[in-house]
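K.L.:
here's my sequence, what's the structure:
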Amino acid sequence: MDSVQALITQIQGLSSSAGDVSRLHSNLKQAEETIFSESARLFSALDQLDPSIHSLGYLYILEACSSGPLTKERAAALVLPISRFINACAVEQIRLAPEKFISVCKRFKDQVMLLEAPMRGVAPLLTAIRKLQTSSEHLTPLHPEFLLLCLLAKCYKTGLSVLHDDISEVDQPRDLFLYCYYGGMICIGQKRFSKALELLHNVVTAPMSTMNAIAVEAYKKYILVSLIHHGQFSTSLPKYTSSVAQRNLKNFCQPYIELANSYGTGKITELQTYVQTNKEKFESDNNLGLVEQVLASMYKRNIQRLTQTYLTLSLEDIANTVQLSSAKEAEMHVLQMIQDGEIYATINQKDGMVRFLEDPEQYKTCEMIEHIDSAIQRIMALSNKLTGMDEQISCDPLYLGKVGRERQKLEYEDYDGVPQKFNI
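P.N.:
Have a look, this model is predicted:
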């Protein structure tokens, strides 16, 4: 019996019980060199294995087959077997070799991108995430890969399914940066600007020792979404933002900060001139679409300002004040804002007058009480989680060792200098 058939037979015979699978894992580790050298023949023999029963052995073979240079022919041959494996594999077996499962899934993402068919990778990668996750709070290295495919395939709603989880376990910082950045873009695509701001804010304020391109790009989008959603932007960052970000982010995003300053004047012609002057810059950053939404939002902000001054106003006056071309266009803007709940008003079609109203929500309906109660329960659960994490960190030997070293510096060094904060 040659080495390939012997390996297939061994995988078939040692995949029934937990003890057998553990023995198989040890044998596969020792046979890795053979698996890689015989990957072509093993791939042809995969039809002798059942991915739902022989998951661990199947995984080792797929990793060997998917390594090496990637071509369209190779990608086309591997996409379907890997997709079927992801859907069928046994969770308890693939978790014995998570790094190999992650490697195969990442190669799978590369393959569908090479084939220009990101849609084919969306459902399998979502399945892979759920199989790899130890809990819904666990951020896996596959989360960013999945969200990237969702962006490329424009499957924004599918991407939202992993953005509702409260993440507290992160393996690699880069995964968190990309998860929040891609997640923010998906929320922008769905016009969920509040959630997009939350995710982009997490990128900008996350601990970092050096500046990274992800944080810079996130900050640019954070500025634009702040203008669209809130109608304003502040350059001051929270105290817990890293000193590196505090010092350098603004330097990399100067055109966007100047855009925000121009927006703050409320003068639409000045803003249009600035956007036109810097159009190439915004286009090269792939942010021109967002910038155009910023322009459109200024009309809304100017109309909202009118509600703070007037009780009634004609559509003609609104058009003149906010620099719209006609009363009809002003009517369309007002109607859309009423529909979106951005203002409360009625339009008298006979005389073209708009009457601005107070917010009708009294905050005492059953639905509102349930909503508030749900928010309170979530905040309480989050508070308990943070308390537990704080206690866990305070007992961590690495943390205690670092605190001890910092205290020694305070005891023995000159007190004139301010001790630097440390990053955990």
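K.L.:
where in this protein is pLDDT low?
P.N.:
Where the chain drops to pLDDT under 70, the residues are 1, 406-424.
K.L.:
try it again with 80
P.N.:
For the chain, the stretches with pLDDT under 80 are 1, 361-364, 402-424.
K.L.:
distance of the spatially most central residue of it relative to F177?
P.N.:
For the chain, the residue nearest the mean C-alpha position is G183 (2.3 Å; Cα atoms, centre = their mean). Separation of G183 from F177 (Cβ to Cβ, to the nearest Å): 11 Å. In short, each C-beta sits where N, CA and C put it, glycine included.
K.L.:
and G121, by the same measure?
P.N.:
From G121 to F177 the distance is 21 Å (Cβ to Cβ).
K.L.:
next one: F233
P.N.:
21 Å.
K.L.:
of those two, who's got more company?
P.N.:
Taking other Cβ atoms under 10 Å, F233 and F177 do not tie; F177 has more neighbours (21 against 18).
K.L.:
what's the nearest residue to that one if we skip its chain neighbours?
P.N.:
In this structure, F177 finds its nearest non-sequential neighbour in I214, 4.4 Å apart by Cβ to Cβ, 6 or more residues apart in numbering.
K.L.:
try D171
P.N.:
Excluding its sequence neighbours, the residue lying closest to D171 (Cβ to Cβ, 6+ apart) is P141, at 6.3 Å.
K.L.:
and that neighbour, what is it in contact with?
P.N.:
By Cβ atoms under 8 Å, 6 or more residues apart in numbering, the residues touching P141 are I102, K106, D171, Q172, D175.
K.L.:
so which residues of the stretch 151-300 of the chain form strands?
P.N.:
169-170 (DSSP state E, counting those that start in this stretch).
K.L.:
ah, wrong one, I meant the stretch 1-150 of the chain
P.N.:
With DSSP E, counting those that start in this stretch as the criterion, the stretch 1-150 of the chain has strands at 138-139.
K.L.:
the closest residue to Y58 other than its chain neighbours: what's it in contact with?
P.N.:
Distances taken as Cβ to Cβ, 6+ apart put P51 closest to Y58, at 4.9 Å, once the chain neighbours are dropped. With contact set as Cβ under 8 Å, 6+ apart, P51 has these partners: Y58, R84, F85, A88, C89.
K.L.:
at 6 Å what do you get?
P.N.:
Shown in contact with P51 (Cβ atoms under 6 Å, 6 or more residues apart in numbering): Y58, F85, A88, C89.
K.L.:
the last one is in contact with H54, isn't it?
P.N.:
No: here C89 does not reach H54: they are 9.4 Å apart, not a contact under Cβ atoms under 6 Å.
K.L.:
for the closest residue to Q304 other than its chain neighbours, phi and psi?
P.N.:
The shortest distance from Q304 to any residue other than its chain neighbours is 6.1 Å, reached at I343 (Cβ to Cβ, 6+ apart). Main-chain torsions, I343, degrees, to the nearest 10: phi -140, psi 160.
K.L.:
how near is I343 to K267?
P.N.:
According to Cβ to Cβ, I343 and K267 sit 21 Å apart.
K.L.:
any idea how far the residue nearest to the centre of the chain is from D165?
P.N.:
Using Cβ to Cβ, G183 is found at 11 Å from D165.
K.L.:
check T273 too.
P.N.:
Computed with Cβ to Cβ, the distance linking T273 and D165 is 43 Å.
K.L.:
check E116 too.
P.N.:
Counting by Cβ to Cβ, the gap from E116 to D165 is 30 Å.
K.L.:
who's more crowded, these two?
P.N.:
Between E116 and D165, counting by other Cβ under 10 Å, D165 is the more crowded of the two (14 against 9).
K.L.:
for the more buried one, list the residues it contacts.
P.N.:
Neighbouring residues of D165 by Cβ under 6 Å, 6+ apart: S136.
K.L.:
recalculate using a threshold of 7 Å.
P.N.:
By Cβ atoms under 7 Å, 6 or more residues apart in numbering, the contact set of D165 is S136, E137.
K.L.:
next, it: phi, psi?
P.N.:
Main-chain dihedrals, D165, degrees, to the nearest 10: phi -70, psi 140.
K.L.:
ok, now the one 3 residues further on?
P.N.:
Torsion angles at S168 (phi, psi; degrees, to the nearest 10) stand at phi -140, psi -10.
K.L.:
tell me the gap between the longest helix seen in the chain and the middle of its chain.
P.N.:
Identified as the longest helix of the chain according to DSSP state H is helix 366-394. How far helix 366-394 lies from its chain's middle: 22 Å, per Cα atoms, centre = their mean, to the nearest Å.
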